[in-house]
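Peer 1: Next one to model:
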Amino acid sequence: MRSLFQEVSDWIEQQPIKRIGLIVFVRRDMLVASVRQNSGQLESRYLNYALKWDEMEALRLVYWVVAKSIPDIFSEDAIDDFDKIGIVEKLSRFWGHKLGKKTAREARTSEWVLAALSDFKHQIQARDLIRLIKTAADYSIRDAYWNDRVLTPTAIKRAILACGKEKVAEIGDENFALKEIFSLLQGSNPDSKQVPISTEKIGLDPRQN
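Peer 2: As a prediction, this is how the structure comes out:
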């Protein structure tokens, strides 16, 4: 990975006839892990090309997956022409306008899902959306109460918890420092995990903050 980021790209730039190029798609954590020195400079160099999702792109992904899975109900032909209101309306046939009946005092499904899966910087990952759809679909199979949507409100809420556990496990696999912290938190007494958390009670080294 380090060779791709540095050595290969540097070699290409030195060629007198530039008829070859290189595009590397990589997650930020893999970049930092591969380039131990000056990874910040390398990241800044290509910052303008960083792929960042917004809510609209996330909703488009959901609709695209749904259209591929249920083509007799959803068509992907005009997906790029939808504005946010239009795509939210289309997705209401998939997971409802709200996490309940239209008249219920419940959160709007599209907004709730995006907020639940986003981090503190309002960023969301494609794999989390796909995992939510798959898990909620499994939970919805035996729920015959809702006949106006594919994913049921109860299934979506249950799926968030299940997806969260898998996400924590994945983050730990990708970041060994965080994996150690997660293990400490999971093994500590529930009373010690109340906010504000005391690092001494859970055995967390101040350098791990």
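Peer 1: Put the alpha carbons of the longest helix anywhere in the chain into CSV.
Peer 2: Using DSSP state H to define each element, the chain has its longest helix at helix 153-174. Provided in CSV are the C-alpha atoms of helix 153-174 (Å, rounded to 0.1, in the frame of the first residue of the first chain):
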residue,chain,number,x,y,z
PRO,A,153,-40.5,0.1,11.9
THR,A,154,-39.7,-2.5,14.6
ALA,A,155,-37.3,-4.3,12.3
ILE,A,156,-35.4,-1.1,11.5
LYS,A,157,-35.0,-0.2,15.1
ARG,A,158,-33.8,-3.7,16.0
ALA,A,159,-31.4,-3.6,13.0
ILE,A,160,-29.7,-0.4,14.3
LEU,A,161,-28.6,-2.2,17.5
ALA,A,162,-27.4,-5.3,15.6
CYS,A,163,-25.6,-3.2,13.0
GLY,A,164,-24.0,-1.1,15.7
LYS,A,165,-22.4,-4.1,17.4
GLU,A,166,-21.0,-5.3,14.0
LYS,A,167,-19.7,-1.8,13.3
VAL,A,168,-17.8,-1.6,16.6
ALA,A,169,-16.2,-5.0,15.9
GLU,A,170,-15.1,-3.9,12.4
ILE,A,171,-13.6,-0.6,13.7
GLY,A,172,-11.6,-2.7,16.2
ASP,A,173,-10.3,-4.9,13.4
GLU,A,174,-9.3,-1.9,11.4
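Peer 1: how many neighbours does the closest residue to Ile87 other than its chain neighbours have?
Peer 2: The shortest distance from Ile87 to any residue other than its chain neighbours is 5.0 Å, reached at Leu59 (Cβ to Cβ, 6 or more residues apart in numbering). C-beta: built from backbone N, CA, C; applies to glycine. Leu59 has 22 neighbouring residues, counting by other Cβ atoms under 10 Å.
Peer 1: can I assume Leu59 sits in a strand?
Peer 2: No. If the criterion is DSSP: H, G, I helix; E, B strand; the rest coil, then Leu59 is helix and not within a strand.
Peer 1: All the helices of this structure, in order from the start?
Peer 2: When assigned using DSSP H, the helices of the chain occupy the ranges 2, 9-13, 28-34, 39-45, 55-69, 84-95, 109-117, 126-140, 153-174, 176-187, 199-202.
Peer 1: and Leu61, what is it in contact with?
Peer 2: Ala126, Leu129, Ile130 (Cβ atoms under 8 Å, 6 or more residues apart in numbering).
Peer 1: how near is it to Gln37?
Peer 2: According to Cβ to Cβ, to the nearest Å, Leu61 stands 35 Å off from Gln37.
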